[in-house]
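[1] Model the structure of this input:
(one chain, ligands or ions: 1)
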Amino acid sequence: MEIKNAEFWTSIGSASGLKDFKLDEIAFVGRSNAGKSSLINAITGKRKLAVTSSLPGRTRLINYFKINDSFFFVDLPGYGYARASKVDQAKWQQLIETYLENTNHLKCAFVLMDIRHLPSDLDKMMIKYLYFKQIPFKVLATKADKLSRAQYTKQTSLIANALSLGKDDVIAVSADKKINLDLILNNIDSFMEAK
Ligand code: GDP
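    All right, here's what the predicted structure looks like:
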């Protein structure tokens, strides 16, 4: 698929504020600082669409971006934000869970993890949750440009092993060097076609 048009639609900050916008959704989730905003900007070709970490405000909300006037990218709050209080962390966790429990239009989720690290407990929980809920997903191992090709191939399979996933379930990507962004778009196509 080609992204011709991407626009910020709305932000939602509490579980009670969640709404059904009646369009298909593709969710992006991951630990804070995993590179979610950068990746959304890179695949939409809009440098400032999702706000990057320098402005943490919006990263605590669920942000909807309307793509090609026909479906949404749903940017879920980054979990595990080191400087956040336990209460805030629990609140974002609750927001993510309520969203995942209640959405009727989610076609797939992309779970972002920094390729240089093995998955955290929160990452593992997220994968288990998606699996249990039968939500199709792929892991995007971000910032692949920070490693050589040989290193990132190895690291991708270590991440897949740590999560008990197949190697095709983890894709090494880079927002900065535009590595494998086409593969993300191809995956979106297949997930959107699946019933
Ligand atoms: P978010 O908190 O998940 O939205 O993460 P950001 O997109 O704000 O990125 C966190 C940090 O990682 C920033 O300093 C980015 O510049 C950096 N980053 C994100 N994507 C890449 C990438 O593809 N390559 C490199 N080298 N750095 C990246």
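[2] Look at residue 182 and say how many residues are nearby.
    11 (other Cβ atoms under 10 Å). For glycine as for every other residue, the C-beta is placed from the backbone atoms N, C-alpha and C.
[3] Over to it. Which of the three states is it?
    The three-state label given to residue 182 by DSSP: H, G, I helix; E, B strand; the rest coil is helix.
[4] Kindly provide the distance from it to the ligand.
    Between residue 182 and the ligand the computed distance is 15 Å (Cβ to the nearest ligand atom, to the nearest Å).
[5] Any stretches of this protein with poor pLDDT?
    Where the chain drops to pLDDT under 70, the residues are 52-59, 195.
[6] for the ligand, what are the nearby residues on it?
    Neighbours of the ligand within the chain, by Cβ under 6 Å from any ligand atom: 30, 32-38, 52-53, 59, 78, 142-143, 145-146, 174-176.
[7] tell me the contacts of residue 144?
    When contacts are counted by Cβ atoms under 8 Å, 6 or more residues apart in numbering, residue 144 touches 115, 152, 172, 173, 174, 177, 179, 180.
[8] change it to 6 Å
    Applying Cβ atoms under 6 Å, 6 or more residues apart in numbering to residue 144 gives the contacts 115, 152, 172, 173, 174, 179.
[9] Could you list the residues in contact with the strand or helix carrying the second one?
    I take that to be residue 152. Following DSSP states H and E, the helix or strand that holds residue 152 is helix 149-162. Residues outside helix 149-162 that contact it (Cβ under 6 Å, 6+ apart) are 115, 118, 119, 141, 144, 167, 170, 172.
[10] So residue 164, which state does it fall into?
    Under three-state DSSP, residue 164 comes out as coil.
[11] how close does it get to the ligand?
    Distance from residue 164 to the ligand, by Cβ to the nearest ligand atom: 24 Å.
[12] Good, we can wrap up now.
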